[in-house]
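sequence and computational prediction follow.
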Amino acid sequence: MRDAAAHPVHLPEPSGVPADDEPLYASRLHVYQQGVKGRLRTIKWAVLFVCLGLYYFLPFLRWYRGPNQPDQAVLVDLAHNRFYFFFIEIWPQEVYYFTGLLVLAALALFLMNAVAGRVWCGYLCPQTVWTDLFMAVERWVEGERRERIIADSQPLTAARAGRKVLKHFLWLMIAWWTGGAWVLYFADAPTLVKDLATFQAPMVAYLWIGILTFTTYTLAGLMREQVCLYMCPWPRIQAALTDEYALNVTYRYDRGEPRMSAKAAVKAREASQPAGDCIDCRQCVVVCPTGVDIRDGSQLGCIQCGLCIDACNTVMTKVNRPLGLIAYDNDVNIERRANGLDETYPIVRSRTVLYAGLIALVGLVMLYGLMTRSFTDMSVLHDRNPLFVQLSDGSIRNSYTVRILNKRALHRVFVLAVDNPPLARANAVGITTTAGDWPVIDVAPDATRELIVHVTVPNGASLPASSPITFRITELGSGERVTTRDHFIAR
């Protein structure tokens, strides 16, 4: 059955200012996708199950970090300003690691585009993954493409209404669990599940579950390909990043044209007349999740999922023609085949080497930072009013606010010192001192300790108006040391 609903949406050619009767938005033609079997479809199923499995069940994975520490493997602890990812713990001061991850994600996207076009869109994009699942549910409940087209063309019956209700119920359940899984990344998953079930969870948790349930149901169940066509910016961006060597889902028109039925093609070949392998069966169109006819060339709606490849190969097998009429190919090979040259697939080229090199560089920098980062930090803030105080005995005192950050889940003890030969002593107000005048500072696990430090220079010391001063803390036992520089104001 050839149905107009299966045709892709064709946008009008740009012509400056649109005519009065030219719509700015093409009205939607419902896409009835047909199921397909094949190698790429199997890969998409595998990717779908892996991605959704990780998303839904990763919050329940445990990771022991020590006493009094959360044991959830992946956790965004907003209450304590922490992000935990297995053995990695990120503090708010280390937000640059998230910047590095975003850079890596962008470079990986560029590399995938340089190698195989919109392979991200076809296999890994969350919109694609959830839409694929929703379409599978639709086919399971309402039947294959032909059954759905016939049912929608007939008056509504109780049986059909029941199937639609069941379909939307299952969609809502998937969307609800999608929103529920998201909030589990922000609190201990088993505890939050129990609180949600007993209606004791915070209202913000129910609010976000509701928001994500609505957006998932709307985007994956109702809008589908419209998100890719009108909302997503990546199809427009990636066109500027690709080149003629990138592998894209391609209809090899040099082999497929002229189109004709299988019987007509056999007769044409027997008469030594030109005959293409394409028999115009339109299977490549009906299996496309966005309703694109790949035979029209590269289009904005094509997400490079490769389902049309599986459908075409199935047909080519039935008509005893070589596979690969639709395949991942580059623009160069069509010209090379026309000139009798061998096909070329240069995956390793300057563009891909550059992206891979940048990914390796940024990854190594982040890895080095993680391996060498300190679990202790100190900041020093000089009091501004007044900058210095002259005491009754003529000595000069500067005051500083010192903050010591302990990033370990252990109680730690530090010795504070001031390094500058002309400075006589440092005295921490309210801190018990040992070993002369140097204070010993206790810092609780995973906490920040703030104290006021007075640095005094005795009367008669010859100092410039401003001289450098170095604050140093040393952990007792491990000897880990952190220093920070400031200035001592004398006049």
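Arrived safely, thanks for sending.

contact partners for the closest residue to V47 other than its chain neighbours?
Of all residues not flanking V47 in the chain, Y123 sits nearest, at 5.0 Å (Cβ to Cβ, 6 or more residues apart in numbering). No exception for glycine: its C-beta is placed from N, CA and C like everyone else's. Contact partners of Y123, counting by Cβ atoms under 8 Å, 6 or more residues apart in numbering, are 43-44, 47, 305.

go through these and name the one nearest A73.
V47 (21.7 Å; Cβ to Cβ).

so the closest one makes contact with P126?
No. Applying Cβ atoms under 8 Å as the test, V47 and P126 come out as separate, 11.7 Å apart.

quick check: I404 vs F471, distance?
Per Cβ to Cβ, to the nearest Å, I404 is found 10 Å from F471.

any idea which element I452 lies in?
I452 belongs to strand 447-457 when assigned by DSSP states H and E.

just for the stretch 301-450 of the chain, where's the confidence low?
420-438 (pLDDT under 70).

what ranges does it have for its helices?
Secondary structure of the stretch 301-450 of the chain (DSSP state H, counting those that start in this stretch): helices located at 307-318, 331-338, 350-372.

mind putting those helices into JSON lines with mean neighbour count and distance to L166?
Output for the helices of the stretch 301-450 of the chain, formatted as JSON lines (neighbours: other Cβ atoms under 10 Å; distance: least, Cβ to Cβ, whole Å):
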{"stretch": "helix 307-318", "mean neighbour count": "21", "distance to L166": "25"}
{"stretch": "helix 331-338", "mean neighbour count": "14", "distance to L166": "45"}
{"stretch": "helix 350-372", "mean neighbour count": "13", "distance to L166": "45"}
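
now those helices as TSV including distance to W171?
Shown next, in TSV, are those (distance: least, Cβ to Cβ, whole Å):
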stretch	distance to W171
helix 307-318	21
helix 331-338	39
helix 350-372	37
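
for A268, find the nearest of the ones you listed.
That would be helix 307-318 among the helices of the stretch 301-450 of the chain, by Cβ to Cβ, at 17.1 Å.

and the closest one, what does it pack against?
Counting contacts by 3 or more Cβ pairs under 8 Å, 6 or more residues apart in numbering; DSSP states H and E, helix 307-318 is packed against helix 39-57, helix 283-286, strand 326-329.

could you list the domains of the chain?
For the chain, automatic domain parsing gives the domain ranges 28-97+118-233, 376-489.

and of those domains, who's closest to L341?
Between those, domain 28-97+118-233 lies closest to L341; by Cβ to Cβ that is 26.0 Å.

and the closest one, how far out from the chain middle?
Offset of domain 28-97+118-233 from its chain centre (Cα atoms, centre = their mean, to the nearest Å): 14 Å.

mean confidence score for it?
Summarised as a single mean, pLDDT over domain 28-97+118-233 is 91.

in the strand holding I452, what's buried?
449, 451, 453, 455-457 (16 or more other Cβ atoms under 10 Å).

of the residues you listed, which is the nearest to W177?
Among the buried residues of strand 447-457, and counting by Cβ to Cβ, the member closest to W177 is R449, at 43.1 Å.

report the beta-bridge partners for the closest one.
Here R449 sits in beta bridges with I404, as judged by DSSP bridges.

wait, it sits on V443?
Yes. The pair R449 and V443 qualifies as a contact (Cβ under 8 Å) at a distance of 4.4 Å.

overlap in contacts of these two?
Common contact partners of R449 and V443 (Cβ under 8 Å, 6+ apart): 404, 406.

ok, back up a step: quick one, which of the helices and strands packed on helix 307-318 is packed in tightest?
helix 283-286 (a mean of 23; mean count of other Cβ atoms under 10 Å).

could you give the average pLDDT over it?
93.

tell me the secondary structure at the one residue sitting closest to the centre of the chain.
Residue closest to the average C-alpha location in the chain (Cα atoms, centre = their mean): A105, at 6.7 Å. Under DSSP: H, G, I helix; E, B strand; the rest coil, the three-state class of A105 is helix.

measure it to L247 for me?
A105 is 21 Å from L247, by Cβ to Cβ.

sorry, back to before: among the helices of the stretch 301-450 of the chain, which is nearest L109?
helix 350-372 (9.3 Å).

please report phi then psi for the residue nearest to V47.
Per-residue torsions, Y123: phi -130, psi -40 (degrees, to the nearest 10).

can you tell me how far it is from A262?
For Y123, the distance to A262 equals 32 Å [Cβ to Cβ].

same check, this time on W120
36 Å.

next, the contact list for D254, please.
Contacts for D254 (Cβ under 8 Å, 6+ apart) come out as 334, 337-338.

over to F85?
Counting by Cβ under 8 Å, 6+ apart, F85 makes contact with 73-74.

again with R472
416-419, 481-483.

give me the subset of those residues lying in strands.
Judged by DSSP state E, those include 416-419, 481-483 as members of strands.

out of these, which one sits closest to R62?
V482 (32.6 Å).

can you list phi and psi of the residue of the chain most remote from its centre for me?
Distance from the centre of the chain peaks at D393, with 63.6 Å (Cα atoms, centre = their mean). Phi and psi for D393, reported as degrees, to the nearest 10, are phi -90, psi 10.

distance of the residue nearest to the centre of the chain from A116?
Applying Cβ to Cβ, the value for A105 to A116 is 17 Å.

what's the span of stretch 269-286, first residue to last?
End-to-end distance for stretch 269-286, by Cα to Cα, to the nearest Å: 28 Å.

which helix runs longest in this structure?
In the chain, assigned by DSSP state H, the helix with the most residues is helix 158-183.

and for the following helix or strand past that helix, what are the contacting residues?
Beyond helix 158-183 on the C-terminal side, the first helix or strand identified by DSSP H and E is helix 189-197. Contacts to helix 189-197, defined as Cβ under 8 Å, 6+ apart, come from residues 59-60, 72, 180, 183-184, 201, 205-206, 209.

angle of helix 189-197 against helix 39-57?
80 degrees (axes from the mean of the first three to the mean of the last three Cα atoms, to 10 degrees).

now do the buried residues in the helix or strand just after helix 189-197.
Going down the chain from helix 189-197, the next helix or strand is helix 203-216, by DSSP H and E. Residues of helix 203-216 classed as buried by neighbour count (16+ other Cβ under 10 Å): 205, 208-209, 212-213, 216.

packing partners for helix 203-216?
The contact analysis (3+ Cβ pairs under 8 Å, 6+ apart) places helix 203-216 against helix 158-183, helix 189-197.

now tabulate those in JSON lines and tack on distance to L387.
Converted to JSON lines, the helices and strands packed on helix 203-216 look like this (distance: least, Cβ to Cβ, whole Å):
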{"stretch": "helix 158-183", "distance to L387": "49"}
{"stretch": "helix 189-197", "distance to L387": "51"}
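
of all these, which one is nearest I326?
helix 158-183 (30.3 Å).

can you give me the buried ones in that closest one?
163, 167-168, 170-171, 174-183.

quick revisit: would you mind checking the ones in strands among the contacts of R472 for buried ones?
Buried among those (16+ other Cβ under 10 Å): 416-418, 482.

between those, which is nearest W130?
V482 (46.8 Å).

and stretch 441-453, C-alpha only, in CSV?
Output of stretch 441-453 as CSV, limited to C-alpha atoms (Å, rounded to 0.1, in the frame of the first residue of the first chain):
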residue,chain,number,x,y,z
ILE,A,441,44.4,23.5,64.1
ASP,A,442,41.8,20.6,64.1
VAL,A,443,39.6,20.4,61.0
ALA,A,444,36.6,18.1,61.0
PRO,A,445,36.1,15.5,58.2
ASP,A,446,34.8,16.9,54.9
ALA,A,447,34.6,20.4,56.3
THR,A,448,36.0,23.9,56.3
ARG,A,449,37.6,25.6,59.4
GLU,A,450,37.8,29.4,59.5
LEU,A,451,39.9,31.3,62.0
ILE,A,452,41.4,34.7,62.6
VAL,A,453,45.2,34.9,62.6
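
kind regards, and thank you for your time.
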